[in-house]
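Participant: quick one, fold the following:
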Amino acid sequence: MPQTDEPVPAAPDRPGGAFGRTFRALESRNFRLFFFGQLVSNSGNWLTNVALILLVLRLTHSGFAVGILSAAQFGPMLFLSAWAGAVADRSDKRRMLLRTQSIEMAQSVALAILAFMPHPPLVVLYLIALAGGVVLAFDNPLRRSFVPEMVPPEVLPNAIVLYSTIVQASLIFGPALAGFLAVTVGFGWCFTLDAASYVAVIGALAAMRPAELHRESPPPRTGREVREGLHYVLSEPDLWISFAMFAVVSLFSFNIRVMLPLFVTDSLHRSDVVFTVLFSISSTGAVVGALLVAHRHLVRLEHAIVGSALLGAALLVLSVMPSVAATVPAVFVVGMAAIVYGTATNAVAQVGTRRDMHGRVLALQTVIMGGTALVGGPMLGRLADVAGGRVPIALGGAVCLVAAGSGWALMRRALPIRS
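Facilitator: Residues are numbered from 1 along each chain as shown. Below you'll find the predicted structure:
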């Protein structure tokens, strides 16, 4: 059972000082391959995500249409991820990832073909995004629950934080490249480059040494795997408090990919390129925040609560910025606060969870992510259409502060030893 009243043990000092402590998980060959393969592939993935947003926005000029795209991409997580997590707990994760990543490569090829058309049909773009969302519902818990198999248990907290760093580092390059390619050579080349990037992650998975993976025997099939995972989460205060906060914050505050382009085009009256630059600046702040988390070992529920409060304050400041120049430092801080909150939340779900429950617990977290994208994306997009691009960001900031306060009160009540 998770030791909810004890801090996660910090890894002992390593040769190389602060640098060695921050990147210790890269000493494991399999994780090193995974890290660099995912860094390339995730950059391509965000290249496609942002290019698809810009393409839909250019075709429709509608915030609601962008919200529907977000629902199509992440909505399947709501319906499939709980089952996918049970599958992940019983599967050879490396082999399953080879399949899901290959299918996602095919999705990018299909998007490239459509984008090279003079008038790509919006419905088909939505359908391909929906198909990608189905694959993502399986791929997400597989990738995240695969991390503990690649490193020794004492290095797991560092590996989790470095995995979050992969995602944030890719957000620096992917969106900026999307904006550049979209205005120079067209959207088709964005998706083509993304398809090529999957070669890196597929090659990294194929080059791993299965004998060096830290696997455990899969749990027996009971037919009650999803129910058992939900019962486990509800029995652990760290998990259910973290998940309750995550549901609220994700619904109103984590849909920055929907809110930021509408803020830039509606409130600042600037172009798609400005959005991609600001998105990359936000991601740079996230990388700085991720490295801080890795070095300082900020992976407990308390850190998630503090991160939620910081994110709320940063979003409120961002919502009143009058110009692009003033927005730059604000989105940088938003990125830092978001990764402190998100990484601590992910670490709570992974570090303290029993190994046989990893896939199911992470899948339930993915269900929350999918459900909030399904509802929150269109809702925030419509709110921006009606009330302006600043309102959804301000609302997200206020909700983060309320979530932080509620989370702190619940933690003091459920875990009095740590209050």
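
Participant: so how far is residue 85 from residue 238?
Facilitator: Counting by C-beta to C-beta, to the nearest Å, the gap from residue 238 to residue 85 is 18 Å. All C-beta spots, glycine's among them, are computed from the backbone N, C-alpha and C.

Participant: likewise for residue 414?
Facilitator: For residue 414 relative to residue 85 (C-beta to C-beta), the value is 24 Å.

Participant: I figured residue 376 hits residue 259, correct?
Facilitator: No. Residue 376 lies out of contact with residue 259 (C-beta atoms under 8 Å); the separation is 9.8 Å.

Participant: so between these two, which is more surrounded?
Facilitator: residue 259 (31 against 24; other C-beta atoms under 10 Å).

Participant: now residue 230: closest residue in space, sequence neighbours ignored.
Facilitator: residue 364 (6.6 Å; C-beta to C-beta, 6 or more residues apart in numbering).

Participant: how far away is that neighbour from residue 88?
Facilitator: 12 Å.

Participant: compare these two (neighbour count), which wins?
Facilitator: residue 88 (27 against 23).

Participant: who has more neighbours out of residue 238 and residue 85?
Facilitator: With neighbours defined as other C-beta under 10 Å, residue 238 and residue 85 compare such that residue 85 has more, 30 against 24.

Participant: spit out the contact partners of that one.
Facilitator: By C-beta atoms under 8 Å, 6 or more residues apart in numbering, the contact set of residue 85 is 141, 145, 226, 229, 359-364, 366.

Participant: any idea of the mean pLDDT in stretch 285-293?
Facilitator: Averaged over stretch 285-293, pLDDT sits at 76.

Participant: just how off-centre is it within its chain?
Facilitator: Taking C-alpha atoms, centre = their mean, to the nearest Å, one finds stretch 285-293 lying 14 Å from the centre of the chain it belongs to.

Participant: residue 269 sits in which helix or strand?
Facilitator: Here residue 269 sits in a region with no helix or strand, counting by DSSP states H and E.

Participant: now residue 136: phi and psi?
Facilitator: phi -60, psi -30 (degrees, to the nearest 10).

Participant: how far away is it from residue 164?
Facilitator: Distance from residue 136 to residue 164, by C-beta to C-beta: 17 Å.

Participant: residue 183 too?
Facilitator: 30 Å.

Participant: of these two, who's got more company?
Facilitator: residue 164 (24 against 14).

Participant: element containing that one, please.
Facilitator: Counting by DSSP H and E, the element that carries residue 164 is helix 156-184.

Participant: what is that helix packed up against?
Facilitator: helix 29-60, helix 122-150, helix 187-207, helix 272-296, helix 324-351 (3 or more C-beta pairs under 8 Å, 6 or more residues apart in numbering; DSSP states H and E).

Participant: which one of those has the lowest average pLDDT?
Facilitator: For the helices and strands packed on helix 156-184, mean pLDDT drops lowest on helix 272-296, to a mean of 77.

Participant: buried set for that one?
Facilitator: For helix 272-296, a neighbour-count test (16 or more other C-beta atoms under 10 Å) marks 272-294 as buried.

Participant: who touches the closest residue to residue 197 other than its chain neighbours in this structure?
Facilitator: For residue 197, ignoring the flanking residues on the chain, the nearest one in space by C-beta to C-beta, 6+ apart is residue 44 at 2.9 Å. Neighbouring residues of residue 44 by C-beta under 8 Å, 6+ apart: 108, 174, 193-198.

Participant: if we go to 10 Å?
Facilitator: Neighbour list for residue 44: 104-105, 108, 170, 173-174, 177, 190-201 [criterion: C-beta atoms under 10 Å, 6 or more residues apart in numbering].

Participant: got it, and residue 314?
Facilitator: 282, 285, 329-338, 393, 397, 400.

Participant: among the residues you listed, which pair sits farthest apart?
Facilitator: Using C-beta to C-beta, the pair of those lying farthest apart is 329 and 400, separated by 18.5 Å.

Participant: who has more neighbours out of these two?
Facilitator: residue 400 (29 against 15).

Participant: I'd say that one and residue 318 touch.
Facilitator: No. Residue 400 is not in contact with residue 318 according to C-beta atoms under 10 Å; the separation is 11.8 Å.

Participant: now the farthest one out in the protein, which residue is it?
Facilitator: In the chain, residue 118 marks the outermost C-alpha relative to the chain mean, sitting 32.2 Å out by C-alpha atoms, centre = their mean.
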